[in-house]
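> generate a structure from the sequence data that follows.
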Amino acid sequence: MPVINRIGDYTSEMKEWRQWMHRNPELGFDLHKTAGFVADRLREFGVDEIHEGIANTGIVAIINGQGAAASGGTCIGLRADMDALPIEEATGADYASETPGKMHACGHDGHTTMLLGAAKYLAETRNFSGRVALIFQPAEEGGGGGEVMVQEGIMDRFGIAQVYGIHNAPLYETGRFYTTPGPIMAAVDEFRIEVNGVGGHGAWPHESKDPVMAAVAMIQAIYSIVSRNHRAVEDLVISVCQIHTGTADNVIPAQARFSGTIRTFNKDVRAMVFRRIEEIVKGHELAFDVTAVLEIAEGYPATVNDAASVEFAAGVAADVVGADRVATDAIREMGAEDFSYMLESRPGAYLFLGQGETAYCHHPAYDFNDEIAPIGASFFARLVECAQPLR
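Modelled structure (predicted):
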C-alpha cells in the first residue's frame, strides 16, 4: 500500500508513540501527560512554533514552508483529537492501559500519531509554500474541546483558511478512505424528563397520580415523532436510553425519570423535535394530572463537509492509496463529532480511514490498527503539499 517513503521510514517509531499513548490514557481536558508527550516530540522535530495550553491542554504547532509565502501565506489546519474514554480495557495487549478505568477505545492515540508523523515529515522536508497549523485537541469525547479551541480564537490567531481531520473506521477495508460532501455526522442532543406525581399503594392506584404510566405514555409519544412528524427521507433518530423509577413491587412511586438522545442533520428537523417533545410533555402533564420538568441539552452540531474541500481531499487520498480505494459517497453516520465546530468556522473536510476487522469504537476490546498510521500521516502531509505547492 503506497505511502510517502520517508514517512514509511517512521513506521516503527510511530508505533512506539501510539503504544505509549495507549498505555497512558487521559480524559477530557486533563491531558497533561499526553500533551507533554506531543510537545516533546514536536520540539524534537524542529517545528517553528508550539503554542500550548489552548483549551487547557490543547496544542497548536506551526510549520512554515519554503519561500516568501511562508511568513504570511495561506495556512492549512490539520486536526487530531487526543483524549481517551472511561472504559476498562479488555484487549489483553502488552501495551494495554496502565490506568484502571481509562482506555483509548476510539483510536485518538492513533489519530495523534498520524498527525505527529506528518509533523515530523513536514518539518524535515518543508516541501510546501505556506504554513500548516497542527491542531492537537483535547476533550472530543463529550467535552467539546473543538468548540473551546475555536472560541479561544485559533482560526483567526493562526490564520487558518481550511481545516481537515481523519477518524479511523473499524470494520471497513484497511487503508480505504470514505467521505461525502455535506453532512457526514449527525448533531447530538440529549433530553431528560422528570415526572412528578403522587405515590401510593399498588393495590389502590386510584389514590395516586401515577408517574410511571405518564412517563411510559410520554416515551411512546416521543417515539412517534420519528414516524409521524417528519419526512421519512430526512434522517432522524430518537432513543430513550434510561428509565429510573420505583423501589418496590407494590408501591406506586412519586417520581419517574427518563432520558435519551436525539440525532439529526437538518437544523429545522432539530428545532421541530425540540418543540414536539416540549408539547408532548405539556400535554401529558394535563392528561395524567402530573407535573414534569424537561431539560434539553444541546450538544455537537452536525459535521458538515465543504463540497470543494471533499473533492480536493479525495484527490489527495487517491494520490496516496489509489483512486479505487477512495469513496466520496459514504453513508452519513448518526454518531457525532466536535470537529463540527471547526467546520462551522472554516471550510474543510472530515474523512474516515478503514482499519479492517477490529472491535468497534467505544468497545473495551477495541484497538487502533498501527498499519494505517503511515497512510493517515501521508494523507495529512500530501494535503499540505498539494494545497500549497512550491512554485
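
> tell me the phi and psi of the residue nearest the centre of the chain?
By C-alpha atoms, centre = their mean, the chain has its centre lying nearest to Glu337, at 2.9 Å. For Glu337, the backbone dihedrals are phi -150, psi 130 (criterion: degrees, to the nearest 10).

> swap in the one 4 residues further on?
Backbone dihedrals for Tyr341, given as degrees, to the nearest 10, come out at phi -70, psi -40.

> what residues are up against it?
Shown in contact with Tyr341 (C-beta atoms under 8 Å, 6 or more residues apart in numbering): Gly144, Gly146, Glu147, Val150, Tyr300, Pro301. (Each C-beta comes from the backbone N, C-alpha and C, glycine too.)

> wait, the second one touches Glu344, no?
It stands for Gly146. No. Look at Gly146 against Glu344 with C-beta atoms under 8 Å: they stay out of range, at 9.7 Å.

> next one: Ala169 from Cys361, what distance?
Separation of Ala169 from Cys361 (C-beta to C-beta, to the nearest Å) stands at 9 Å.

> over to Ala61?
Taken as C-beta to C-beta, the span from Ala61 to Cys361 is 26 Å.

> which of Gly146 and Glu344 has more neighbours?
Gly146 (31 against 14; other C-beta atoms under 10 Å).

> in the longest helix belonging to the chain, which residues are buried?
In the chain, assigned by DSSP state H, the helix with the most residues is helix 267-288. Neighbour-count burial for helix 267-288, counted by 16 or more other C-beta atoms under 10 Å, picks out Val269, Arg270, Met272, Val273, Phe274, Arg276, Ile277, Ile280, Val281, His284, Glu285, Phe288.

> apart from its chain neighbours, what residue comes closest to the last one?
Okay, so that is Phe288. In this structure, Phe288 finds its nearest non-sequential neighbour in Ala214, 3.7 Å apart by C-beta to C-beta, 6 or more residues apart in numbering.

> that neighbour contacts Arg257, correct?
No. At 11.8 Å, Ala214 and Arg257 do not qualify as touching, with contact defined as C-beta under 8 Å.

> low-confidence bits of the stretch 201-350 of the chain, can you list those?
Along the stretch 201-350 of the chain, the model assigns pLDDT under 70 to no residue.

> pLDDT weak spots in the stretch 1-150 of the chain?
Ranges of the stretch 1-150 of the chain meeting pLDDT under 70: 1, 68-73.

> mind listing the helices for it?
5-8, 11-23, 32-45, 108-125, 145-151 (DSSP state H, counting those that start in this stretch).

> can I get the ones you listed in a markdown table with distance to Asn250?
A markdown table is the format used below for the helices of the stretch 1-150 of the chain (distance: least, C-beta to C-beta, whole Å):
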| stretch | distance to Asn250 |
| --- | --- |
| helix 5-8 | 67 |
| helix 11-23 | 50 |
| helix 32-45 | 52 |
| helix 108-125 | 49 |
| helix 145-151 | 48 |
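
> tell me which of those is the most buried.
Across these, averaging neighbours per residue (mean count of other C-beta atoms under 10 Å) puts helix 108-125 on top, at a mean of 26.

> could I get it in CSV with only the CA atoms?
Only the C-alpha atoms of helix 108-125 are listed here, as CSV (Å, rounded to 0.1, in the frame of the first residue of the first chain):
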residue,chain,number,x,y,z
HIS,A,108,-7.4,9.0,19.3
ASP,A,109,-4.0,7.7,20.2
GLY,A,110,-3.7,6.7,16.5
HIS,A,111,-5.1,10.0,15.2
THR,A,112,-2.5,11.9,17.3
THR,A,113,0.2,9.5,16.0
MET,A,114,-0.8,10.2,12.3
LEU,A,115,-0.5,13.9,12.9
LEU,A,116,2.8,13.6,14.6
GLY,A,117,4.1,11.5,11.7
ALA,A,118,3.0,14.2,9.3
ALA,A,119,4.6,16.9,11.5
LYS,A,120,8.0,15.1,11.5
TYR,A,121,7.9,14.8,7.7
LEU,A,122,6.8,18.4,7.1
ALA,A,123,9.3,19.9,9.5
GLU,A,124,12.1,17.9,7.8
THR,A,125,11.2,18.4,4.1
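
> now Ile184: which helix or strand?
strand 182-185 (DSSP states H and E).

> now do the buried residues in that strand.
Pro183, Ile184, Met185.

> just give the closest residue to the last one, not the sequence neighbours.
Right, Met185. Nearest to Met185 is Thr303, by C-beta to C-beta, 6+ apart, at 3.9 Å.
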